[in-house]
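> Attaching a predicted model along with its sequence, questions to come.
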Amino acid sequence: MLSREDNETVTRTGPGTPAGKLLRAYWQPAALVSEISGERPAKAIRLFGEDLVLYRTGTGDWALVSRFCAHRGVDLSFGRLEDGGLRCLYHGWLYGPDGRCLEQPAEPEQSRFHEKVRIAAYPCLERNGIVFAYLGGGEPPPLPCYDCFVAPQEYTFAFKGLWECNWLQGVEGGIDPSHVSFLHRFLDEDPRETYGQQFREEVAGTGKSLSHLVGEHYRPDIEVEPDEHGLRVFAVRTLPDRQRHVRVTNLVFPNAFVVPFGDDQVFCQWHVPIDDRSHYWYMILYDFRTPTDKETLLRQRLSAVTLPDYRCVRNRENDWGFDPAEQRSRTYTGMGLDINVHDQWAVESMGAIQDRTVERLGVSDRAVTANRRLLLRAITAHEAGRPTPGTATDQRSAAALRGPLAVDTVAPAEGWREHWRTREAKRRTESPWAGALS
Ligand code: FES
Ligand SMILES: [Fe+2]
């Protein structure tokens, strides 16, 4: 439970807000590369309550600038991509990628007025299918060396989706290890090729799918430990024959998490505010063993959303496709096989901004409470100019931000802590892209 004041502090991310300033101090996903391609590579985007235009310059670099012209407020997302920048359609003012106004063609020829005009502009970089932007002030920090960034592109897959609720609800869903025993339970085993099928595949050595395994063992011991990147969360379930099911997930501070997805895959998922009542999740999935089948993954994900907004086909307006007959016999939710929809429903159903003053948290919410404490502490630290988790100040500290290690495995009860690390180390050393990981 949070006080009203703390709930406001952690959920509000507009310009000048404490959490907004903290989140802006990190590189944040701004768009999929695939969204900004084709004949005219420019798109209006909204990020942290700011209206912006993201475009590719003539030299192939990314530029992110204010959406509205400094002259008389016209929408620059329709502007002309020419002369090394973005030109307003109304009176031809030209803005460079750094936001400087370079030309004002209707002004007197000798005028230097343009030198006084500048719109906001933010640095961008591209990694594995996503354009990241840095909306904080000053020099951007180096990008951490997390696996999702160092993985070769052919072993990755990126996508996004619109969730109509506050960003923190999305993050809190991702770091909550006990919900998987319920929300993602399948009452029958469906072999169909759907996204999240890994959840229905057998966990080696148990004869059971992950869905059944965690569904039967629904009371995990949850431990949370701090690390450079944020938090590591252990969910340990007691199995017969002195075995443990160990699931290691991570909060990647401040608004992402890294979770295992089957034996060889892991994904990092960010929850990035559009504004305080809606956000996009962005994901980079990476495979330690095999190049990803991008075509299939894309087909699966595209079938769940409508473009160009990536709004989910199942949403509040259609009760997320809730089917009581399905709920009786096939899935715990009655909302289909796509586990992403289950997560979406859970966090959207709370309302746009969850009222955390009236919730009742238990010990199984340990990771959620640990994250809130961390977030509130980091907001204070950032205001005071002190470092916060997951920030690098130079290349050396960026290189120290690695992994994070995420694994789903069955281990002997004695020594499970060593077992999962050994298994993870093996997966990394045997990976075709082990070179990038060392
Ligand atoms: S409004 Fe943009 S040039 Fe006049
Ligand atoms: Fe989930």
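Okay, I see it. Ligands and ions are numbered 1, 2, ... in the order given.

> nearest residue to the residue positioned nearest the centre of the chain other than its sequence neighbours?
Nearest residue to the geometric centre of the chain (C-alpha atoms, centre = their mean): Trp270, 1.1 Å. Closest residue to Trp270 apart from its sequence neighbours, by C-beta to C-beta, 6 or more residues apart in numbering: Ala256 at 4.3 Å. (Each C-beta comes from the backbone N, C-alpha and C, glycine too.)

> That neighbour: neighbouring residues, count only.
Counted by other C-beta atoms under 10 Å, the residues lying close to Ala256 total 31.

> Got phi/psi on it?
Backbone torsions for Ala256, taken as degrees, to the nearest 10, come to phi -140, psi 160.

> For it, which residues are in contact?
Applying C-beta atoms under 8 Å, 6 or more residues apart in numbering, we find Ala256 in contact with 171, 268-271.

> Helices of the stretch 301-438 of the chain, start to end?
Applying DSSP state H, counting those that start in this stretch to the stretch 301-438 of the chain gives helices spanning 324-329, 339-348, 366-383, 395-400, 416-429, 434-437.

> Go through the fifth one and flag the buried ones.
By neighbour count on 16 or more other C-beta atoms under 10 Å, the buried set for helix 416-429 is 416, 419-420, 423-424, 427-428.

> Now tell me what touches it from outside.
236, 244, 246, 248, 264, 288-289, 405, 407, 409, 411-412, 434, 437.

> Work out the gap between it and the centre of the chain.
Computed by C-alpha atoms, centre = their mean, to the nearest Å, the chain-centroid distance of helix 416-429 equals 25 Å.

> Can you show me the CA trace of that helix as CSV?
C-alpha atoms of helix 416-429 as CSV (Å, rounded to 0.1, in the frame of the first residue of the first chain):
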residue,chain,number,x,y,z
TRP,A,416,20.0,-24.9,-6.3
ARG,A,417,21.8,-21.6,-6.0
GLU,A,418,25.0,-23.0,-7.6
HIS,A,419,23.0,-25.1,-10.1
TRP,A,420,21.2,-22.2,-11.8
ARG,A,421,24.4,-20.2,-12.2
THR,A,422,26.2,-23.2,-13.6
ARG,A,423,23.4,-23.8,-16.1
GLU,A,424,23.3,-20.1,-17.1
ALA,A,425,27.1,-20.0,-17.5
LYS,A,426,27.0,-23.1,-19.7
ARG,A,427,24.3,-21.5,-21.9
ARG,A,428,26.3,-18.4,-22.3
THR,A,429,29.7,-20.1,-23.1
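
> ok, the residue of the stretch 101-250 of the chain found nearest ligand 1 - contacts?
Ligand 1 sits closest to Gln104 of the stretch 101-250 of the chain, with a gap of 7.4 Å, by C-beta to the nearest ligand atom. When contacts are counted by C-beta under 8 Å, 6+ apart, Gln104 touches 71, 91-93, 111, 113-114, 117.

> With Thr249 instead?
Thr249 sits next to 174-175, 177, 232-233, 235, 257-260, 406 when contact means C-beta under 8 Å, 6+ apart.

> can I get the residues you listed in JSON lines with secondary structure?
Shown next, in JSON lines, are those (DSSP: H, G, I helix; E, B strand; the rest coil):
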{"residue": "Gly174", "secondary structure": "helix"}
{"residue": "Ile175", "secondary structure": "coil"}
{"residue": "Pro177", "secondary structure": "coil"}
{"residue": "Arg232", "secondary structure": "strand"}
{"residue": "Val233", "secondary structure": "strand"}
{"residue": "Ala235", "secondary structure": "strand"}
{"residue": "Phe257", "secondary structure": "strand"}
{"residue": "Val258", "secondary structure": "strand"}
{"residue": "Val259", "secondary structure": "strand"}
{"residue": "Pro260", "secondary structure": "strand"}
{"residue": "Ala406", "secondary structure": "coil"}
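
> coming back round to it: give me the buried subset of the contacts of Gln104.
71, 93, 114, 117.

> of the residues you listed, list those near ligand 1.
Applying C-beta under 6 Å from any ligand atom to the buried ones among the contacts of Gln104, one finds that 71, 93 fall near ligand 1.

> Need the max-distance pair from the buried ones among the contacts of Gln104.
With C-beta to C-beta as the measure, no two of those lie farther apart than His71 and His114, at 10.2 Å.

> Spit out the residues that contact the two alike.
Counting by C-beta under 8 Å, 6+ apart, the shared contacts of His71 and His114 are 93, 104.

> For the residue nearest to Trp270, list each beta-bridge partner.
Val252, Trp270 (DSSP bridges).

> Tell me the spacing between it and Ala384.
Here the criterion is C-beta to C-beta, to the nearest Å. By it, Ala256 lies 24 Å from Ala384.

> With Gly403 instead?
Going from Gly403 to Ala384 by C-beta to C-beta gives 28 Å.

> same check, this time on Thr249
30 Å.

> before we move on, what about Ala406?
For Ala406, the distance to Ala384 equals 32 Å [C-beta to C-beta].

> between the two, who's got more neighbours?
A direct count of neighbours by other C-beta under 10 Å for Ala406 and Ala384 places Ala406 higher, at 22 against 7.

> right, and that one touches Val258 too?
Yes. Under the criterion of C-beta atoms under 8 Å, Ala406 makes contact with Val258 at 4.8 Å.

> could you list every residue that touches the residue nearest to the centre of the chain?
Contacts of Trp270 by C-beta under 8 Å, 6+ apart are 28-29, 255-256, 281-283.

> run the last query once more with 7 Å
With contact set as C-beta atoms under 7 Å, 6 or more residues apart in numbering, Trp270 has these partners: 28-29, 255-256, 281-282.

> How about the residues of the chain by ligand 1?
So the chain meets ligand 1 at 69, 71-72, 74, 88, 90-93 (C-beta under 6 Å from any ligand atom).

> The closest residue to Leu94 other than its chain neighbours and His179: what is the separation?
Of all residues not flanking Leu94 in the chain, Glu103 sits nearest, at 4.0 Å (C-beta to C-beta, 6+ apart). Computed as C-beta to C-beta, the Glu103 to His179 distance reads 55 Å.

> Kindly report the same for His342.
Distance from His342 to His179, counting by C-beta to C-beta: 9 Å.

> Can you list the low-confidence ranges for the stretch 201-350 of the chain?
Counting by pLDDT under 70, the stretch 201-350 of the chain contains no low-confidence range.

> can you give me the strands in it?
Using DSSP state E, counting those that start in this stretch, the strands of the stretch 201-350 of the chain run over 202-203, 208-209, 221-227, 230-239, 243-252, 256-261, 265-275, 278-287, 305-306, 311-312.

> Redo these as TSV? Include distance to Ala63.
Output for these, formatted as TSV (distance: least, C-beta to C-beta, whole Å):
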stretch	distance to Ala63
strand 202-203	46
strand 208-209	47
strand 221-227	35
strand 230-239	30
strand 243-252	27
strand 256-261	24
strand 265-275	19
strand 278-287	19
strand 305-306	26
strand 311-312	26
